[in-house]
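> quick one, structure for this:
(2 chains)
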There are 2 protein chains.
Amino acid sequence: MSGGPARGRRRGRERSSAGQRREALRAGGGTATLPQRPWKTLRNTRPPLEVLSADQLEAIHRASLRVLAEAGIKVTDAEARSLYKGLGAEVDEAEEMVRFDPALIEAQVALAPAEVTIEARNPARSVTLGGNHVSFQSVSGPAFVSDLAKGRRAGTYAELCDFVRLVQQLDCLHLASSAPLASLDLPAQSRHLHGYYACARYTDKAWNASLLGRGRARDAIEMAAIARGRTAEEAAGTPMVHGNINSNSPRLLDGPMAQGALEFARHGQVVVVTPFTLLGAMAPSTLAGALVQQNAEALAMVALVQAAAPGGPVVYGGFTSNVDMKSGAPAFGTPEYTKAVHATGQLCRRYGLPYRSSNTNASNCVDAQAAYESAMSLWGVVMGHVNLVNHAAGWLEGGLVCSFEKLILDAEMIQLMSAYLDPLPVDPDSLAVEAIVETPPAGHYFGSAHTLARYETAFYEPILSDWRNFETWNEDGAKTAAERAHAIWQQLLAAYEPPPMDPAIDEALKAYIAKREEELQSADAIER
Amino acid sequence: MSGGPARGRRRGRERSSAGQRREALRAGGGTATLPQRPWKTLRNTRPPLEVLSADQLEAIHRASLRVLAEAGIKVTDAEARSLYKGLGAEVDEAEEMVRFDPALIEAQVALAPAEVTIEARNPARSVTLGGNHVSFQSVSGPAFVSDLAKGRRAGTYAELCDFVRLVQQLDCLHLASSAPLASLDLPAQSRHLHGYYACARYTDKAWNASLLGRGRARDAIEMAAIARGRTAEEAAGTPMVHGNINSNSPRLLDGPMAQGALEFARHGQVVVVTPFTLLGAMAPSTLAGALVQQNAEALAMVALVQAAAPGGPVVYGGFTSNVDMKSGAPAFGTPEYTKAVHATGQLCRRYGLPYRSSNTNASNCVDAQAAYESAMSLWGVVMGHVNLVNHAAGWLEGGLVCSFEKLILDAEMIQLMSAYLDPLPVDPDSLAVEAIVETPPAGHYFGSAHTLARYETAFYEPILSDWRNFETWNEDGAKTAAERAHAIWQQLLAAYEPPPMDPAIDEALKAYIAKREEELQSADAIER
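Model (predicted):
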């Protein structure tokens, strides 16, 4: 399962330029196999798209505080209830219900920092969440995996490793997920350790952890520290990993999620708090109502993180979409979804909190629907000033499937958005008045000095789009974008080289896993 | 070639509800076969997306005036040169070059109205261009036609009629094109008459004309008037039809285009002036430079229309994209394209002119690329405050092909944008605090009174997206969006009923065509 030099699918031709590729990667220059835009941390300097008036924003804020005061949330974890009680919240131990005075919530939210920088193993890959920073993270959580050759199937660890390698190869992705698909060939209680290893070893980008219980959270901190040549104690206070907790909407925070969040908060790691509020299912069928509920749950979780670690990093996650009212199936990339993304951005900016959302779609294959639903999501998140775009690449079927072809499609779509955000230079040189005056009426600019000086780098160069004429495209097999994506990810994977790692660190990671696997063999993984 | 009751592909089952369908259409309720959003004129009340600072905007404006003053444009039509001369422009008759004092251009542009309403045959279908109005027009101009069953092929009049019928069926489309594909089975010199007839008869929406010469322009005015039960003289001054002229970029306005524009302008019809400025080919390879050239050419054409009809309607068309620098092939739906759309909107608002742009892509089939390039275009045009979105539905292959499946894909994408623009209601009812408080932790809202009162109409209902689970979708043939679109357009066409028309008007249209066909048989169609 190693990504080292012995991997069979790599070919001689591609290996010969491995050194160059590594050098290019270090310089942020992409791989030799794809004309990628170089790695860059991204900022959206345009004003955010907004859908709520100032009054509407306040109405949603006030309504969510009213929900927290009147109805409260159920918290099944005794330690979390105790922390809430310490803040002055009203706790009903018998019902496990916690109700909040609005001033308490506002005071806790005010403690949270507006920005947090996650330090990657390679410091050049560190990312800042907050402000107008935009970062893209690969898909996280699907049970299944699919590609055009082998179809839709249960995931394995080997495929997880390949996916992480591809995330490393794609310079538009800022963060990796340690669970892009379920490694169903590994025991459930220790599976997370191998996902962490894959990320620690096969990418030098930051990666996310599972916060399902204290043990998984702690393992992520330990392994992230080892990968940086430190102990967890030495690393304390430096955000290295981030993890997501979901409320069990409506209005329930369960024990494992609370425990995972508390473990991360106490070690200065980044907790993302995300209600999953589907209109008409786990939330009211009105967008305003779903936003009220989302906001109530998110603020309660922010307050918990701040109770455990005042001033510690916490990210507001939005995941509000709607169901198909005919079938109850979740829908994504809908107009409701995009509006929820923009409204949630307004809430986050009101509170001064970093913002996480997602690139979603509900298509069953990598077709036009997958693309237009993702476009509704991506325009939504990028122009809504989302800081952490989870599921940015590879998500299919409403999140049930990790698709290798969708990974490539999304990389192209992310690059398009990234290039759209590039400034538009306007200066005497770019205004080109001399070139225009010199070119005769009905002439052309192909050979002009102004063009020749720029033609190699003038425009966005796609990785997936095929701009050849119909005849050439047709003679070459009339391949759809999905079919071309299939070839592209295989080429990228064949060209993969792992980022350098001290063999002693690799050994220490493996030793940690071995120790923990033994401990977890007979234990309840969530509790440990 | 009639669309009357005898059409073979209509089936009894579908005909039985024709009356209901007609009623629904009249009420703006869409057809019975698709869950469409009802016809509505659309406004984008959000602030436009912009990419230029105020200084940059002025720099482009000034540079384009400098191009017009120093280099000017070549105008091969003597009447147009004479009109320019009458304004005080410097005309070199030997070289056919016209140069402009900046003040002359600014004065002419200031004459043009900020808004124009095009009166459709059915007044309920009239559309206003300008301000924050957004209208979508079907594809215009491809030589070829394609659908999944018959493939890519030369177009015929029967297929043109079917396409126009589908445009009538799709309530998200505000305007039809009289040339969605070339009727290559009809003689070139009189082909336009049949395109006009198809639009006059098979849709009650407004439609565009060919402005390739005075004759085609005049025919459109005559037939639009006849369709409204008027003579061209009675209709004078009422905008009924619109047409597009392109400069032959760089810096050439040819005779037929000038003559078509002048004929329309003198009859109070709507002229759209659109430079086709591909970066690196017919324009400089810098976006700023291409915008300078586009703006110079557009303003010169605006000045001509205003010289012929001061205060008459004219629309600023933007069509700036880039080529693939490796092959020279045009690229569409690129980041450069989207930025050009937003920058051009800023220029149009500076001048107070209605704005036309397009929904473009360069894909060779109806796949993910077609969707994501169209998404870059559609987000661009809708959020850039384009008033007239040409090629909004059906365009494929960089405009070489009219695709029946792309028509459906675009209709879905347009509906998504339209629903995104719907306001987000925030009031005590939609905030749903009571429903939230009443729903127990980890409960659901499926059966709540708040949901039941709304579930049928709460959310956007797609026409193309398939939200069924993978198993159901797979058992039903695993159809891609393109394959589903194929079935949808056939159903829509089978359900088509022509809008009512007085038989005497229909006869008058046919008589006009017969007379003009005879005249044109031995004539030069462009001159006549």
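> what residues are up against the residue nearest to the spatial centre of chain A?
Central residue of chain A (CA atoms, centre = their mean): A:N390, 2.3 Å from the mean position. When contacts are counted by CB atoms under 8 Å, 6 or more residues apart in numbering or on different chains, A:N390 touches A:137, A:140, A:177, A:244, A:272, A:317, A:356-359. C-betas here are computed from N, CA, C, even on glycine.
> now do the helices in the stretch 201-350 of chain A.
Assigned by DSSP state H, counting those that start in this stretch, the stretch 201-350 of chain A shows helices spanning A:214-227, A:232-235, A:255-266, A:287-308, A:335-351.
> quick one, grab the pLDDT at the residue lying closest to A:V139 once chain neighbours are set aside.
With CB to CB, 6 or more residues apart in numbering or on different chains as the criterion, A:V139 has its nearest non-adjacent residue at 3.7 Å, and that residue is A:G394. The model reports A:G394 with a pLDDT of 98.
> kindly report the same for A:G12.
33.
> rewinding a little: quick one: the residue nearest to the centre of chain A is in a helix?
No - under DSSP: H, G, I helix; E, B strand; the rest coil, A:N390 falls outside any helix and is assigned strand.
> how about the residues of the stretch 1-150 of chain A by chain B?
A:46-47, A:49-52, A:55-56, A:59-60, A:63, A:66-67, A:70-71, A:73-74, A:97 (CB under 8 Å from any CB of the partner chain).
> which of those residues are buried?
Of the members of the residues of the stretch 1-150 of chain A next to chain B, the ones counted as buried by neighbours, 16 or more other CB atoms under 10 Å in any protein chain shown, are A:46, A:49-52, A:56, A:59-60, A:63, A:66-67, A:71, A:73-74, A:97.
> mind listing which of those residues are in strands?
Mapping these onto strands (DSSP state E) picks out A:73-74, A:97.
> dump these to CSV, plus pLDDT.
Putting these into CSV (pLDDT from 0 to 100) gives the following:
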residue, pLDDT
A:I73, 98
A:K74, 98
A:M97, 98
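> out of these, who's nearest chain B?
Nearest to chain B among those is A:K74, at 3.7 Å by CB to the nearest CB.
> ok, that closest one - contacts?
A:95-98, A:251-253, B:441-442.
> can I have the buried ones of the residues you listed as a PyMOL selection?
The PyMOL command for the buried members of those (criterion: 16+ other CB under 10 Å) is given here:
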select buried, (chain A and resi 96+97+98+251+252+253) or (chain B and resi 441)
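> want to try TSV for the contacts of A:K74, with distance to A:T334 as columns?
Putting the contacts of A:K74 into TSV (distance: CB to CB, whole Å) gives the following:
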residue	distance to A:T334
A:E95	35
A:E96	34
A:M97	33
A:V98	33
A:R251	24
A:L252	25
A:L253	27
B:P441	26
B:A442	24
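> just the contacts of A:K74 now: which is nearest A:R230?
Lowest distance from A:R230 to the contacts of A:K74 (CB to CB) belongs to A:L253, with 31.4 Å.
> contacting residues for that closest one?
Contacts of A:L253 (CB under 8 Å, 6+ apart): A:73-77, A:80, A:245, A:247, A:297, A:300-301, A:304.
> for the residues you listed, which one is nearest B:S126?
Nearest to B:S126 out of these is A:E297 (CB to CB; 47.4 Å).
> hmm, that closest one is touching A:V75, no?
No - between A:E297 and A:V75 there is no contact under CB atoms under 8 Å: 11.1 Å.
> which residues of chain A score low on pLDDT?
Residue ranges of chain A with pLDDT under 70: A:1-32, A:523-528.
> rerun that using 50 as the cut-off
Scanning chain A for pLDDT under 50 picks out A:1-30, A:525, A:528.
> hang on, A:P187 is in a helix, isn't it?
No - counting by three-state DSSP, A:P187 is not part of a helix but coil.
> that one - how many residues pack around it?
13 (other CB atoms under 10 Å in any protein chain shown).
> ok now do it, which residues does it touch?
For A:P187, the residues meeting the contact criterion (CB under 8 Å, 6+ apart) are A:520-521.
> what distance do you get for it to B:I245?
Distance, A:P187 to B:I245, by CB to CB, to the nearest Å: 71 Å.
> just A:H194 next, same as before
Distance of A:H194 to B:I245, given as CB to CB: 64 Å.
> out of the two, which sits in the more crowded spot?
Neighbour tally, A:H194 and B:I245, criterion other CB under 10 Å: the higher count belongs to B:I245, 27 against 20.
> you'd agree that one is up against B:F276?
No - the criterion here is CB under 8 Å, and B:I245 misses it with B:F276 at 10.7 Å.
> taking the contacts of A:N390 one by one, which sit in helices?
Counting by DSSP state H, none of the members of the contacts of A:N390 fall within helices.
> list just the nearest of these to chain B.
Taking the contacts of A:N390 together and measuring to chain B by CB to the nearest CB, the closest member is A:N359, at 12.1 Å.
> just checking, that closest one touches A:D410?
Yes - between A:N359 and A:D410 there is a contact under CB under 8 Å: 6.4 Å.
> neighbour-wise, which of those two wins?
Higher neighbour count among A:N359 and A:D410: A:D410, with 35 against 31, using other CB under 10 Å.
> contact partners for that one?
Residues near A:D410 by CB under 8 Å, 6+ apart: A:359, A:374, A:392-395.
> compute the inter-axis angle for the helix or strand hosting it and helix B:335-351.
Using DSSP states H and E, A:D410 falls within helix A:404-421. Comparing the axes of helix A:404-421 and helix B:335-351 via axes from the mean of the first three to the mean of the last three CA atoms, to 10 degrees yields an angle of 40 degrees.
> and the next helix-or-strand element following helix A:404-421, how far out from the chain middle?
As assigned by DSSP H and E, the chain's next helix or strand after helix A:404-421 is helix A:428-431. Centroid displacement of helix A:428-431 relative to its chain, using CA atoms, centre = their mean, to the nearest Å, is 38 Å.
> and the strands in the stretch 51-200 of chain A?
Here the stretch 51-200 of chain A has its strands, by DSSP state E, counting those that start in this stretch, at A:73-75, A:90-92, A:97-99, A:116-118, A:127-129, A:133-138, A:144-147, A:151-154, A:175-177.
> among these, which is the most enclosed?
Burial of the strands of the stretch 51-200 of chain A is given as mean neighbour count (mean count of other CB atoms under 10 Å in any protein chain shown); strand A:175-177 ranks first at a mean of 28.
> and for that one, what's in contact with it?
A:118, A:127, A:135-141, A:164, A:167-168, A:199, A:203, A:205-208, A:242, A:388, A:390.
> same thing with stretch A:106-113?
For stretch A:106-113, the external contacting residues (CB under 8 Å, 6+ apart) are A:65, A:87, A:130, A:299, A:302-303, A:305-307, A:310-314, A:351-353.
> just the buried ones from the residues you listed?
So, by 16+ other CB under 10 Å, the buried ones in these are A:65, A:87, A:130, A:299, A:302-303, A:305-307, A:312-314, A:351, A:353.
> between the residues you listed, which is nearest chain B?
Chain B lies nearest to A:L65 out of those, by CB to the nearest CB, at 10.3 Å.
> grab the nearest non-local neighbour of that closest one.
With CB to CB, 6+ apart, the residue lying closest to A:L65 is A:P102, at 4.0 Å.
> go on, A:E263?
Distances taken as CB to CB, 6+ apart put A:A217 closest to A:E263, at 3.8 Å, once the chain neighbours are dropped.
> quick one: contacts for A:L388?
Neighbours of A:L388 in contact, by CB under 8 Å, 6+ apart: A:129, A:135, A:137, A:175, A:242, A:272, A:315, A:354-357.
> if you set the cut-off to 10 Å instead, what comes out?
A:116, A:118, A:127, A:129-130, A:133-137, A:174-175, A:208, A:242, A:244, A:270, A:272, A:315-317, A:354-358, A:381 (CB atoms under 10 Å, 6 or more residues apart in numbering or on different chains).
> all set, thanks.
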